[in-house]
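Peer 1: let's see this in three dimensions:
(2 chains)
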Amino acid sequence: MQSFTEEQIKRYSRHIILPEVGGKGQKKINNAKVFCVGAGGLGSPVALYLAAAGVGTIGIIDADVVDLSNLQRQILHATPDLDKPKVESAKETLAAINPDLNIVTYKEYLGVDNIMEIIKDYDIVLDGSDNFPTRFLVNDATYFAKKILVSGSIFRFDGQVAAFNHKSETSPCYRCLYPEPPPAGLVPSCQEAGVLGVIAGTIGALQATEALKEILGIGESLVGRLIIYDAFDMRFQVVKIHKDPNCPLCGKEPKIKELMAYEQTCHL
Amino acid sequence: MQIIINGEKRTINDDTTIAGLLKELKIDSQRVAVELNMSIIDKADYSRTILKDSDKLEIVSFIGGGASWTIN
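Peer 2: Predicted coordinates for the structure are as follows:
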């Protein structure tokens, strides 16, 4: 028997009346533990929708404070939050939407030293980080810890979303797609790093959708596929990602056996 | 023969491989993932994958952004 308070039944009624969710599914959501890497452009829509959906434990890591230039897309934060730590502003926003939740905040950088300890408490990791070293770190750590990873990234008018189920030996990983970070000089320079703010909303909402589907165990999973979104031409493509037998991390003869830190070439 | 790259037609020589095409387009293979007819191709196969007439190719840039984009 599911036990919901009257308020919860009302709050989650549009989920509960969906046959694919129901009271049982809503309980799964309420018991889920999801970790968001970054409380910025992607982390904002991700955390907002997960909080509204009732994800019981939401962890968020971000070492930065809210800057005026963030507000064009980072909708967790508002003008009165300027100079506040992002995780603090995020926690206030999320608690106002849904006071039922356990919001765990980490005002620090994610690195080789802390990532395993932090992610062990979560089922699903959503990567909305702003740099390649973190993306590779999150992929490798979720692989070693056997977690589900939903990775999103945005740049200019483009976005990409992919999901990896590191619990499954048949799932590809981020390195099957991109074996190594791009060489320095090939990544766009800081001056080129613009983004249409709303792209973060589209991509973050897709990440949150996949996280909820994984929690519920419904639908066709994105694991093993990559969504490529081109907002300029308004085109979505979904392509298959194969597990690469030569992958340096999850291939037959892995070269990477422990976490490694890459140098950040440019602070985007 | 003709192939379609990122939605646009392009004429290439017979027996062009993915590696050869990237070289012709001056694209560093480290910077992209290549999708041929809806599947991502392993980098190790670029030099032995010969393109066929009407192949659909997507060259996907490697993007890493998400959170803060501090423009200095």
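
Peer 1: what's across from the residue positioned nearest the centre of chain B in the sheet?
Peer 2: Compute the mean C-alpha point of chain B, and by C-alpha atoms, centre = their mean the closest residue is B:Ile59, 3.4 Å away. Note on B:Ile59: beta-bridge partners by DSSP bridges are B:Val34.

Peer 1: what pLDDT is listed against it?
Peer 2: Note for B:Ile59: predicted pLDDT of 89.

Peer 1: surely it touches B:Ile5?
Peer 2: Yes - B:Ile59 lies in contact with B:Ile5 (C-beta atoms under 8 Å); the separation is 6.5 Å. Backbone N, C-alpha and C define where each C-beta goes, glycine included.

Peer 1: break down the stretch 151-268 of chain A into its strands, ranges please.
Peer 2: A:158-165, A:225-230, A:235-240 (DSSP state E, counting those that start in this stretch).

Peer 1: ugh, wrong one, chain B
Peer 2: Using DSSP state E, the strands of chain B run over B:2-5, B:8-11, B:32-36, B:39-40, B:56-61.

Peer 1: if you compare those, which one is most tucked away?
Peer 2: Ranked by mean neighbour count under mean count of other C-beta atoms under 10 Å in any protein chain shown, the strands of chain B are led by strand B:32-36, which reaches a mean of 21.

Peer 1: for that strand, which outside residues touch it?
Peer 2: Outside strand B:32-36, the residues that touch it by C-beta atoms under 8 Å, 6 or more residues apart in numbering or on different chains are A:177-178, A:226, A:239, B:18, B:22, B:40-41, B:46, B:49, B:51, B:55-62.

Peer 1: give me that answer again for 6 Å
Peer 2: A:Leu177, A:Val239, B:Ile18, B:Ile40, B:Ile41, B:Leu57, B:Glu58, B:Ile59, B:Val60, B:Ser61 (C-beta atoms under 6 Å, 6 or more residues apart in numbering or on different chains).

Peer 1: determine the angle, from 0 to 180 degrees, between that strand and strand A:235-240.
Peer 2: Note on geometry: by axes from the mean of the first three to the mean of the last three C-alpha atoms, to 10 degrees, strand B:32-36 and strand A:235-240 are set 80 degrees apart in direction.

Peer 1: now strand B:32-36: average pLDDT?
Peer 2: 89.
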